[in-house]
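K.L.:
Got a predicted structure here, sequence first:
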Amino acid sequence: MLASGRKGGMVTLLIAAGLLGCVARAAEAAIHVEGQVQAGGGTVAGSTVSLWAASANAPARLAQATTGADGSFVVSVDQTPDGASLYLVAAGGTPAVSKQDGANPAIALMTVLGSNPPAKVTINEMTTVASVWTHAQFIDGTAIKGYSLGLRIAAGNVPNFVDLSTGGYGGMIQNGLNSTQTPTMANFATLSSVLAGCAIRAKPDACSRLFAAATGRDGTAPTDTLSAAISIAHNMAYKPDRVFALLDAFYPVPQGKHLRASPFLPYLSFAPSAWVLPLKFSGGGNAGGAKIMFDSEGNAWSGDNFLVGSQGHDDLWPGNLSKFAPNGRPLSPMTTGFTGGGMQGPGFGTAIDSTDRVWVDSTSGQTISLFDKTGKPLSPPEGYNFGGKLRAMQGIIVTPNGDVWALDFGDDKVVYMPKGDPNKAKFYCQSTNGQPNKDNPCHLNGPFHLAIDQQDRIWISNAIGDTVTRFPASDPTKVEVFPTGGGSGKGMAIDSKGNAWIANTAGAGLGLETKARLLYLKFTGATLSGIDRVVLQDLVSHPGMGSVSMLRPDGSPAPGSPFNPGSIWGAWAISIDGNDHVWISNFAPGGGITELCGARTETCPMGMTTGDPISPPGGYKGGGMQFLVDVSIDPAGDVWVSNNWQDEWSCYGKPDEGVSTRCGGQGIVVFYGMARPVKAPQIGPARTP
């Protein structure tokens, strides 16, 4: 049965439940949403509004309505698909704020509501940008399609940008970490104003100019404002100045004035390097965040080097463990984070197993700790330290068969716990002739991170050197050592073809003067902190130091390896997304993320080869990034990075009192919709959900 009616200038169209027969299951709750379509700050009359349900299958249209003279509409439906993410699309209509008469067929706007929509909503340019960027990996035209967790994460982040009821700014983008500290709000408003320029036809040729500026690398021109937004989101770093130029074209500064009359404020003063919309989150005990891993629900877990509010120092890491919801809300205790289980000062060692238990290596505490998914410690109060046999710990992973492998950075050895059982722990790569462990057959020298490939081989990076170590998980005595071509290997990852990618923080290596100073410090008994300071000074004073190596499954370097397109400075971590693109974090002032074309060049922009940069010449910027250690891809394709340090010179000696708490980095930064999603928890090489 089809029912329609008109009341107060609003047309309501209800789609009968029989039309939903193609949906496998239906929830009992009815949906009734009242809203308004706006463009350029004014209402849009005669716009067709459709309510859609997104799922793993093609989206189902549930209801449709036409806006009245005041832009208002109502959509209602008796049943909605179970677990679906609901969204609204408004097409066409006559904007009240317009330079041209008549309806504008190029208007297409969107608001993603999620599974529990508010009673009143707005559809405008800001809701469109927020919905498109968070759903960039799931959207094609008016269709949103994807697996349930990814859609849930994407929909849950829309309110961070926009208030669904008013169409104005959301809470997170306006808070102190984001509004005045990063260009994200200006990026967001500028994009919204440019879309509005077409919607209200600020110039007679506004839409054609928008479509030309938003045309992506494949040469396909958009045909409406929604497809223009999608094209920009899918080509964030491709000729961003073209879209920025429309701000002046549509809203020139009036004669004798100083500000543009743009529909949304603030706006950018100069073109961005990419149309990215990163947000920063804090709380939950996060201070100097390190390795980030995601559990099966998309929650992010990170060890923290420091304590919130402390005068952090490189010679002691006393931090705990943080947990964030997929929308950035802290889930661990606000100031302390999760504590106990022998954890003290986690380093680059966080892993999550198939039951969502969290394994954490402590660098200062010299332990391995275990927590359940609620943050309750499962390890004893002293942690797993095997009778004091551990020193400064770093990397840890869980393998597909449930084994746990960890690295003792301080003692150059490997810890193995079959099926995660600490009572059966074994140690590998130890010296058998009384010499230091670094002289053992594994040639470990500051082992930092590790990964397992598709052939069940363990790969280990060496932070003090230019090699990686590899052995079969079934027989660690069969050791192979491969040169990487780069110095101080840190993070590493395996792609879908079995290639190993290694972040070389020092690139071609430290300078001769720095090496001489380190040799002097070593023989004079300097502290590790003192040595670190010399290395850091060399890194900071040499912009562009660092590289990324790619070793093929046989251990040989790939052509062109190691890579540095110019945006790598202090490469620290590597993540591989579902398209085999390579993401690199940089431990350098102002941070920065580099995205490289990986081994599957068919997923890269046309004409690119392995190692070519997809990111801008300086990398992706913004979001209040500081000295980064990790970069990690969540199940919705969002890129998370951890601010590990913020003021490097506050980490040594006795800094000025006013900045004495600014050693540890502030917050986690999330870039939305930029990468192909990765299944969580990630155990072994990255897989698509």
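P.N.:
Perfect, I can see it now.

K.L.:
ok, now how distant is the residue lying closest to A65 once chain neighbours are set aside from Q64?
P.N.:
Distances taken as C-beta to C-beta, 6 or more residues apart in numbering put F73 closest to A65, at 4.4 Å, once the chain neighbours are dropped. Placement of C-beta: from N, CA and C, glycine included. Distance, F73 to Q64, by C-beta to C-beta, to the nearest Å: 9 Å.

K.L.:
Then I593?
P.N.:
41 Å.

K.L.:
In terms of neighbours, single out the busier of those two.
P.N.:
I593 (28 against 19; other C-beta atoms under 10 Å).

K.L.:
For that one, grab phi and psi.
P.N.:
phi -120, psi 130 (degrees, to the nearest 10).

K.L.:
I'd like to know how far it sits from S567.
P.N.:
8 Å.

K.L.:
Tell me who's in contact with the closest residue to A558 other than its chain neighbours.
P.N.:
The shortest distance from A558 to any non-neighbouring residue, by C-beta to C-beta, 6+ apart, is to M550 (4.1 Å). Counting by C-beta atoms under 8 Å, 6 or more residues apart in numbering, M550 touches 499-502, 557-558, 561-563, 599, 610-611.

K.L.:
What of G673?
P.N.:
Contacts of G673 by C-beta under 8 Å, 6+ apart are 132-137, 154, 233, 636-638.

K.L.:
Now do the end-to-end distance for stretch 246-262.
P.N.:
11 Å (C-alpha to C-alpha, to the nearest Å).

K.L.:
got the buried residues for it?
P.N.:
246-247, 249-251, 260, 262 (16 or more other C-beta atoms under 10 Å).

K.L.:
do stretch 407-422 as well
P.N.:
407-417, 420, 422.

K.L.:
For the longest helix anywhere in the chain, what is the distance to the chain centroid?
P.N.:
Scanning the chain for the helix with the most residues, using DSSP state H, yields helix 184-199. Taking C-alpha atoms, centre = their mean, to the nearest Å, one finds the center of helix 184-199 at 23 Å from the center of the full chain.

K.L.:
elements contacting that helix?
P.N.:
In terms of contacts (3 or more C-beta pairs under 8 Å, 6 or more residues apart in numbering; DSSP states H and E), helix 184-199 is packed against helix 125-134, helix 171-174, helix 206-214, helix 225-234, helix 240-250.

K.L.:
which of the ones you listed is buried the deepest?
P.N.:
helix 125-134 (a mean of 29; mean count of other C-beta atoms under 10 Å).

K.L.:
would you put the C-alpha positions of that one in CSV?
P.N.:
Extracted in CSV, the C-alpha atoms of helix 125-134 (Å, rounded to 0.1, in the frame of the first residue of the first chain):
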residue,chain,number,x,y,z
GLU,A,125,26.8,21.3,2.1
MET,A,126,28.4,20.7,5.5
THR,A,127,26.5,17.4,6.1
THR,A,128,27.5,16.4,2.6
VAL,A,129,31.2,17.0,3.2
ALA,A,130,31.1,15.2,6.6
SER,A,131,29.2,12.2,5.1
VAL,A,132,31.4,11.9,2.0
TRP,A,133,34.8,12.1,3.7
THR,A,134,33.9,9.6,6.5
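
K.L.:
helices or strands next to it in the packing?
P.N.:
strand 108-114, helix 148-161, helix 184-199, helix 225-234.

K.L.:
so V243 touches I232, yeah?
P.N.:
Yes - counting by C-beta atoms under 8 Å, I232 is a contact partner of V243 at 6.1 Å.

K.L.:
Need the overlap of contacts for those two.
P.N.:
In contact with both V243 and I232: 191, 214, 275, using C-beta under 8 Å, 6+ apart.

K.L.:
need the residues you listed in TSV with pLDDT, can you?
P.N.:
Formatted as TSV, the shared contacts of V243 and I232 follow (pLDDT from 0 to 100):
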residue	pLDDT
L191	98
A214	98
W275	98
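
K.L.:
that older thread, doesn't the residue nearest to A65 fall inside a strand?
P.N.:
Yes - assessed with DSSP: H, G, I helix; E, B strand; the rest coil, F73 lies in a strand.

K.L.:
burial count for it?
P.N.:
Neighbour number of F73 under other C-beta under 10 Å is 30.

K.L.:
bridging residues for it?
P.N.:
G35 (DSSP bridges).

K.L.:
just checking, P447 touches D411?
P.N.:
No - using C-beta under 8 Å as the test, P447 is too far from D411 to be in contact (9.4 Å).

K.L.:
surely I200 meets G93?
P.N.:
No - assessed by C-beta under 8 Å, I200 is found out of contact with G93, at 11.2 Å.

K.L.:
Please enumerate the shared neighbours of these two.
P.N.:
39, 104.

K.L.:
Of all the helices and strands packed on helix 125-134, which one is nearest T469?
P.N.:
helix 148-161 (35.4 Å; C-beta to C-beta).

K.L.:
Please identify the buried residues of the closest one?
P.N.:
148-161.

K.L.:
List every C-alpha atom in stretch 55-69, with coordinates, as CSV.
P.N.:
Written as CSV, here are the backbone C-alpha positions of stretch 55-69 (Å, rounded to 0.1, in the frame of the first residue of the first chain):
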residue,chain,number,x,y,z
SER,A,55,24.4,-2.5,4.0
ALA,A,56,26.7,-5.0,2.4
ASN,A,57,24.3,-5.2,-0.5
ALA,A,58,23.1,-2.5,-2.8
PRO,A,59,21.4,0.2,-0.8
ALA,A,60,17.6,0.0,-0.5
ARG,A,61,15.4,3.1,-0.9
LEU,A,62,13.0,3.1,2.0
ALA,A,63,11.0,6.4,1.5
GLN,A,64,10.9,9.5,-0.6
ALA,A,65,9.5,13.0,-0.2
THR,A,66,9.5,16.4,-1.8
THR,A,67,10.4,19.5,0.1
GLY,A,68,7.9,22.3,0.6
ALA,A,69,8.4,26.0,0.0
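
K.L.:
List the buried residues for that stretch?
P.N.:
55, 59-60, 62-68.

K.L.:
Looking at those residues, which are in strands?
P.N.:
60, 62-66 (DSSP state E).

K.L.:
For the residues you listed, could you give me CSV that also reports pLDDT and distance to F427?
P.N.:
Formatted as CSV, these follow (pLDDT from 0 to 100; distance: C-beta to C-beta, whole Å):
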residue, pLDDT, distance to F427
A60, 96, 56
L62, 96, 60
A63, 97, 63
Q64, 97, 66
A65, 98, 68
T66, 98, 71
